[in-house]
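A.B. asks: 3D model of this:
(one chain, ligands or ions: 1)
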Amino acid sequence: MNRSEPAKPAKPAKPEDPAGPEEVDRRELAPGYAVPRIISGGWQLSQGHRRTAIDPDAAVRQMRQLANAGLTTFDCGDIYAGVEALLGKLLEISPDVQVHTKFVPDQDALPGIDRKHVEGIIDRSLRRLGVERLDLVQFAWWDYEVPRYVETAVWLDEQRRAGKIRLLGATNFDVPHLAEIVAAGVPIVAHQVQYSLLDRRPERGPEHGPEQRMLGFCREHGIHLLAYGTLGGGFLSDRHLDRPDPVPPLANRSLVKYRLMIDEFGGWSRFQDLLGTLARIASRHGVSIANVATRWTLERAGVAAAIVGAFDAGHLDDNLRVFGFELAKEDLECLEPFADAGPPGDVYAAERVPDGRHAAIMKYNLNREASD
Ligand SMILES: NC(=O)c1ccc[n+]([C@@H]2O[C@H](COP(=O)([O-])OP(=O)(O)OC[C@H]3O[C@@H](n4cnc5c(N)ncnc54)[C@H](OP(=O)(O)O)[C@@H]3O)[C@@H](O)[C@H]2O)c1
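C.D. replies: Below you'll find the predicted structure:
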């Protein structure tokens, strides 16, 4: 630099090149089992998620691209129609990828559920994926009024002990019900919950007192959080900055889900305030709004990974930039005014309100519909 020139303010180094596989941060969920801190979410590939059909060969090619870039773990579920089979095809060509599935017994099946039913669903996941052992099975239960979740979790654990499952997880439980399952001796290593700038319920839980917050409970019991909704289905991105509230019908089920969360957050105008703040933080780091939103979740204590929905590999390069920067104290201070927004109560409580707005968009009996 010419010494006579006035000094310019230092520009933040833009992480031009996305991280390669070696730069992808990983976290151990259990001894010898580590996952990338971005897990690729497969709900976006399920039949019925969006109006257009999926091209299975193209989907597998795109998932392989994610895996080759270091995003080697995929999330799916027994109820994500067609996705376990797609991931089975991926496993044929990339046998080292890790697949996390779910066990989500149908609401109608809960009163009569038995050991045989659990075994049947697990065997079907093994068959669809073409493997002898499932890496991680995350257990969900639609209705606490049907009090058979502990028994069912124990039957699931029998499947683990029989060698069909490596690790057990849970999804969408609140603290008291997860505590019952843990107290029964079921070794839960991960809990998949919605956790984002729009939804901070895992760190709240006013009705249970601070000592029972999900984050605290999980930390105490060595359970890692796997966060979904990190990008609010794509709403938390540059695409929606300074844009009007989209007019229904929205393009996919994820957007429908998170548009309701934006209402819980305070509505479209408050959401735009958040996006504006995120845009300023993003520009300080030379990254995207989505990167800041993902980074925020990854920096919460107790979060092992963010499950970011991946319809294809289109956002791959951008998402890898998450591993190239950290939020500064001043960034977090800018986000403080939004800390109290979002749905109240414990994890998934709003979604469990009978006949509530969130419940109205759910599909409770998908296993029956997808019984291949
Ligand atoms: N346990 C549960 O109850 C539950 C519930 C929901 C989801 N999940 C899991 O979590 C996964 C994540 O899904 P989600 O519905 O919560 O959605 P999300 O991860 O919050 O958002 C995913 C969407 O954001 C967009 N996106 C991704 N990266 C981006 C980037 N860098 N910049 C801009 N946009 C980007 C993509 O949409 P476009 O392709 O349209 O651009 C993508 O489909 C699911 O696939 C599923 O595995 C679990």
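A.B. asks: contact partners of the lengthiest helix in the chain?
C.D. replies: In the chain, taking DSSP state H as the definition, the longest helix is helix 268-285. When contacts are defined by Cβ atoms under 8 Å, 6 or more residues apart in numbering, helix 268-285 is touched by residues 12, 15, 197-198, 235-236, 238, 240-242, 244-245, 262, 265, 288-289, 291-293, 325, 327-328, 331, 334-335, 338, 341. C-beta coordinates here come from the backbone N, C-alpha and C atoms, glycine included.
A.B. asks: Mind checking which of these land in helices?
C.D. replies: Per DSSP H, the subset of the contacts of helix 268-285 in helices is Ile262, Phe265, Ile289, Asn291, Val292, Ala293, Asp331, Cys334, Leu335.
A.B. asks: farthest pair in these?
C.D. replies: Farthest apart among the ones in helices among the contacts of helix 268-285 by Cβ to Cβ are Ile262 and Asp331. That separation is 21.6 Å.
A.B. asks: So for those two, which sits in the more crowded spot?
C.D. replies: Just comparing Ile262 and Asp331: by other Cβ atoms under 10 Å the higher neighbour count belongs to Ile262, 24 against 21.
A.B. asks: quick one, what contacts the more buried one?
C.D. replies: By Cβ under 8 Å, 6+ apart, the contact list for Ile262 reads Leu198, Gly232, Phe235, Trp268, Phe271.
A.B. asks: Same question for Ser125.
C.D. replies: Residues near Ser125 by Cβ under 8 Å, 6+ apart: Asp78, Glu84, Thr101, Phe103, Leu134, Val137.
A.B. asks: neighbours of the closest residue in space to Arg204 that isn't next to it in sequence, just the number please.
C.D. replies: Excluding its sequence neighbours, the residue lying closest to Arg204 (Cβ to Cβ, 6 or more residues apart in numbering) is Arg213, at 6.3 Å. Arg213 has 21 neighbours, counted by other Cβ under 10 Å.
A.B. asks: looking at it, Arg213 is touching Val175, isn't it?
C.D. replies: Yes: under the criterion of Cβ atoms under 8 Å, Arg213 makes contact with Val175 at 7.1 Å.
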